[in-house]
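Asks: Sequence and predicted structure, then a few things I'm wondering about:
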Amino acid sequence: MKMHISKTQEEVIVALADFMVNEANQSIAKHGRFSVVLSGGSSPKKLFETLASPGYRERIAWPQWFFFFGDERYVPATHADSNYRMAKETLLDPMNITPGQVFRMNTDLTPPEAASAYETDLLAYFGDKPVRFDLILLGLGDDAHTASLFPHTPVLHEKEALVKEVFVPKVSAFRITLTTRSINCAANVAFLTFGASKASAVHHVLKGVRNIEEYPAQLIKPEDGTLHWFIDEAAAAQIEN
Ligand SMILES: O=C1O[C@H](COP(=O)(O)O)[C@@H](O)[C@H](O)[C@H]1O
């Protein structure tokens, strides 16, 4: 595991943006494309805007980037809560990413159909190779959920599916999420976490007794890849020493 602790939120974003550019260039040199899974929620917005800003945008080989989503709220793609919509507005549209480079979870379908269709999309994209993303970005909720792996939900025990629908009582809504099976096959998994409200969750996930029902982010352990934490000092406050 690699910890990347920065003083401020802004420095965390820059560290992760630089890391993404380097990883993308290495992946493209190695196998011609960069397959990246985006996270949702509020934390990655600034990251996406940074990647699309002058100083970064011209260092990135955009036609070789392929975008996926780690989870989606079961709302229309135009809804304010849609993870796809946030990425589209902050990164995909500004960088003129073509539809063929973007794989969204289709919430026009029923939740089980959406999960199954996304799994089919992943298998088709990777073809005869295993499903292995170059980089999966993840957030961490204050309750230690990640992607849409929420505490005490059945999807935490999913061993077969790569993508699954889950009803989340905490938000009274369905979500579609990558499962631990697909996440833990990635070459790199990077948590982006900042702010004092995350400090307790970070402590439980990284230093606490194993309890995946309470702290689902403990499930994230890439089998043949590297786990990174991009985190500010406020979020890291309870793990130092
Ligand atoms: O609901 C979600 O929350 C988590 C954490 O988001 P954050 O804004 O608290 O960092 C996020 O990773 C996930 O993609 C999203 O759907």
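Replies: Ah, there it is. Numbering: from 1, shown residues only.
Asks: For the chain, which segments are assigned as helices?
Replies: 9-31, 44-51, 83-87, 111-126, 180-183, 199-207 (DSSP state H).
Asks: The shortest one vs the ligand: in contact?
Replies: It refers to helix 180-183. No. Using C-beta under 6 Å from any ligand atom, helix 180-183 stays clear of the ligand, with a minimum separation of 11.6 Å. In this view, the C-beta of every residue, glycine as well, is placed from N, C-alpha and C.
Asks: who in the protein is up against the ligand?
Replies: Residues of the chain found near the ligand, taking C-beta under 6 Å from any ligand atom as the criterion, are 39-43, 70-71, 83, 138-139, 141, 146-148.
Asks: Can I have the buried ones of those as a ChimeraX selection?
Replies: Remark: buried members of those, expressed as a ChimeraX selection using 16 or more other C-beta atoms under 10 Å:
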select :39,40,41,43,70,71,83,138,139,141,146,147,148
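Asks: Specify which member of the residues of the chain next to the ligand is nearest to Val205.
Replies: Proximity of the residues of the chain next to the ligand to Val205, judged by C-beta to C-beta, is greatest for Thr146, which lies at 8.5 Å.
Asks: how far away is the nearest residue to the closest one once chain neighbours are set aside from His204?
Replies: If you skip the residues right next to it in sequence, Thr146 has Ala217 as its closest partner in space, 4.2 Å away by C-beta to C-beta, 6 or more residues apart in numbering. Spatial separation of Ala217 from His204 under the definition C-beta to C-beta, to the nearest Å is 9 Å.
Asks: more neighbours, the two?
Replies: Ala217 (24 against 20; other C-beta atoms under 10 Å).
Asks: tell me which residues in stretch 27-35 are buried?
Replies: Of all the residues in stretch 27-35, those buried under the rule 16+ other C-beta under 10 Å are Ser27, Ile28, Arg33, Phe34, Ser35.
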